[in-house]
Every structure is written in C-alpha cells, then in structure tokens.
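Trainee: just the structure for this:
(one chain, ligands or ions: 2)
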Amino acid sequence: MNSMLSDVFRSHPIHIPLSNLPDFTSLRHLPDSYTWTPKDDLLFSAASASDQSLPSINLDDPHLATRVGHACATWGAFQVTNHGVPSRLLDDIEFLTGSLFRLPVHRKLKAARSENGVSGYGVARIASFFNKQMWSEGFTVIGSPLDDFRKLWPNHHVKYCEIIKEYEEHMQKLAAKLMWLALGSLGVEEKDIKWAWPSSDFQGAQAAIQLNHYPICPEPDRAMGLAAHTDSTLLTILYQNDTAGLQVFRDDVGWVTVPPVPGSLVVNVGDLLHILTNGIFPSVLHRARVNHVRSRFSMAYLWGPPSDLMISPLPQLVDPLQSPLYPSLTWKQYLATKATHFNQSLSFIRNYDL
Ligand SMILES: O=C(O)CCC(=O)C(=O)O
Ligand SMILES: [Fe+2]
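Mentor: Residues are numbered from 1 along each chain as shown. Ligands and ions are numbered 1, 2, ... in the order given. Prediction:
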C-alpha cells in the first residue's frame, strides 16, 4: 500500500522552535540571527543585471510541447499563461493566504506544526540547513486542512477548506497536463508511464500546498526570504502575488528574478523529474528575496508520484552505451537523502547504488 505523503514527511521531521519567531511587523533593524552574508549561503549574491528572462508559455501555443520541453531543458522552469485555472480561484487562494498570515501570531500558533507533524504553521522546512533564519513564515497543507483551519477560523473554516479543495483539483489537472507536455517533448508516451494509468491523469500522484509569507523587511539586502533550494517534487506550480521576490539560478547567468505577471503561474522542474529524465530536465535552484515596501505571498503546489513508487531514469532517455545517471528510488527514499544531503542530494545519489 502506498504510504501517504504526510507519513513520508513525518519520517523526517524538522524541529525548529517557533517561540523565537520575531514580531516581523515591529522591527526597525534586522536582528543578527536574520542577517545573511555569503558565509551563510555560498550563493548569496544579488540578482544579475542580465536581460535574460524566464520563458513565458501560452498553453494555446501551437508549438506547445516543444516550448515546454525547451524551457524545462534550458531553465528547468517557465511561466505559464492561459492555463485554465480561473482567475477568481487565484484571487481566492491569495485572499486565503493573506487572511491566514494576517492573523495575530497567537492565532496562527494554534495551528502550529506539531513536534512530529507536517501540516500547519511554521518556519520553512529547509531552515535546519542554515545557521541564519529566513524572513518568512509558512503554512503547509497535506490532506484535509479542516482541523487546522477550524483552529484558525472557528467560524469561516468551511469556506477556506472549499477554496483549498478547488485549488487542488485544478492544480492536479494542470500538473498532469504539463507533465505529459514535458515528457511528450522527449518522445515519452503515455504507455511508458504506467503509474499514470488507467486514465493517464496521474490519479495516484500526491501533493502538498505550501503557502508562504514574506513580510516587509527593514533591510532586505541583508535578509533572505527562502534560501536557495531545489524542490523534491516532479513539478511545482507556484502562484505569486503582485510582488517580485522569486529568483531562479542559471550557471551561466546567475540569479534571475521572475517578475510576477498577473494571472500567470510559475512552473519548475523538481528533483524527481530530473531523475526521471536522467538529468535532461534539470531541477532548478530557486530562492525568494524580500523587500521593504510590500508583503509578498506565494502559493506552491508541490506535486509528486505515489510515495512508494520506484522512480528511475526512463530507459529511452538513457544513452544505450552508458548506465543511467541515477538509481531507482522512491520519493520516500529520496526525501530521506534530502534530509541529510539537502542541495547535494542529486550528486550524492548519482551513480550510487541504493
Ligand atoms: O516564494 C517563492 O517564490 C518560492 C517558494 C518556494 O520555492 C517553495 O515553497 O518551495
Ligand atoms: Fe521551492
């Protein structure tokens, strides 16, 4: 039986006391524990002045699969427009996110992620890999948010649960569509991915929603909203409000800001799609910076396979004269590796027989 995604994360809990979260709204100066230098993060440089920008793809484009494939291979990410997710629903999820993070801290703490829990309010999951704290707060939804939302909004939780449900349904469909487009561009056919069966819609896929808030920051150049990481997903679909902050990294360019385009979604390749395509689609390093003018919200849909399913490089994507670059492993095993090796996980498992 597939273990649930929540069990997968639960086996690698992240314990960070919430008691020392600052009151973000009242600080005039950045506390030392929030001040980053290149010593705290080797990639702590500013965005480059390059005029390169992330590809934007209209889902009505006649050369859609080629464009998606090219963006995945060169950037590991792209923006998508005309995606079919109603703009009313994007407004709703943004409204939910704003309402959640604007609650007073003592209310948010009622739904704090528990000692060995995975859902709820807390700091970024990657916080344990850094000495400095990030200028952000998050809320993770895995499975039904009912219990947590009831604690946050005793009288309005039903409405908010409905928004999450509808958002998940749309995201799941979009993720499946993007996955087929990306794989299709490499000649992979529906018959090659058996776990997407019976109706090719990846019904067995699992997902989490990560809501992020980056409060206004008194000294944004020295702070970090969410440090550089890759996602441990197949694909991530991110909606950001009208405030810039997301940046993606390219070896040849450096950090590139992904400007918010109203109504568009950002899609990025995660580590598992990187493995599945034998590295043809690189999972992209990304991070979130902060600013001193506006709060920023982002809503990430983290999409992956059934957690006990073996993922391995697709044979048709491996050079017949070479062995696959990565071993077969489950999402669960990959997360165990990530919990120890973080951003070095892919290179760690490369050619490593688990
Ligand atoms: O806030 C953002 O733009 C990035 C969020 C993100 O990378 C994540 O939640 O994994
Ligand atoms: Fe991410």
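Trainee: near ligand 1 at all, stretch 141-159?
Mentor: No. Residues of stretch 141-159 contacting ligand 1 under CB under 6 Å from any ligand atom: none, with a closest distance of 12.1 Å. For the C-beta atoms, the positions are set from N, CA and C on the backbone; glycine is no exception.
Trainee: got the buried residues for the lengthiest helix in the chain?
Mentor: Secondary structure of the chain per DSSP state H: the longest helix is helix 157-184. Of the residues in helix 157-184, 157, 160-161, 163-164, 166-168, 170-172, 174-184 count as buried by neighbour count, 16 or more other CB atoms under 10 Å.
Trainee: state the helix or strand in which the closest residue to residue 270 other than its chain neighbours lies.
Mentor: Distance criterion CB to CB, 6 or more residues apart in numbering; nearest residue to residue 270, sequence neighbours excluded, is residue 233 at 3.3 Å. Counting by DSSP states H and E, no helix or strand carries residue 233.
Trainee: quick check: residue 62 vs ligand 1, distance?
Mentor: 30 Å (CB to the nearest ligand atom, to the nearest Å).
Trainee: same question, residue 125
Mentor: 8 Å.
Trainee: now swap in residue 100 and tell me
Mentor: Distance of residue 100 to ligand 1, given as CB to the nearest ligand atom: 15 Å.
Trainee: just give the nearest non-adjacent residue to that residue, would you?
Mentor: residue 139 (5.9 Å).
Trainee: and the one you found, what is it in contact with?
Mentor: Contact analysis of residue 139 by CB atoms under 8 Å, 6 or more residues apart in numbering lists 97, 100-101, 108, 111, 120-122, 210-211.
Trainee: residues contacting the closest residue to residue 76 other than its chain neighbours?
Mentor: Nearest residue to residue 76, sequence neighbours excluded (CB to CB, 6+ apart): residue 284, at 3.2 Å. Shown in contact with residue 284 (CB under 8 Å, 6+ apart): 75-77, 230, 248-249, 268-269.
Trainee: could you say which helix or strand holds residue 284?
Mentor: Assigned by DSSP H and E, residue 284 belongs to no helix or strand.
Trainee: what's the distance between it and ligand 1?
Mentor: 10 Å.
Trainee: mind checking how far that residue is from residue 178?
Mentor: Separation of residue 284 from residue 178 (CB to CB, to the nearest Å): 14 Å.
Trainee: quick one: furthest residue from the center of this structure?
Mentor: Here the chain reaches farthest from its C-alpha mean at residue 321, the gap being 34.4 Å by CA atoms, centre = their mean.
Trainee: I figured the residue nearest to residue 270 was touching residue 303, is that so?
Mentor: Yes. Residue 233 sits in contact with residue 303 when judged by CB atoms under 8 Å, with a separation of 5.6 Å.
Trainee: what touches both of the two?
Mentor: Both residue 233 and residue 303 are contacted by residue 270, under the criterion CB under 8 Å, 6+ apart.
Trainee: which bits of the stretch 201-350 of the chain sit near ligand 1?
Mentor: When proximity is defined as CB under 6 Å from any ligand atom, the stretch 201-350 of the chain approaches ligand 1 at 210, 212, 226, 231, 238, 240, 245-246, 286, 288, 298, 300.
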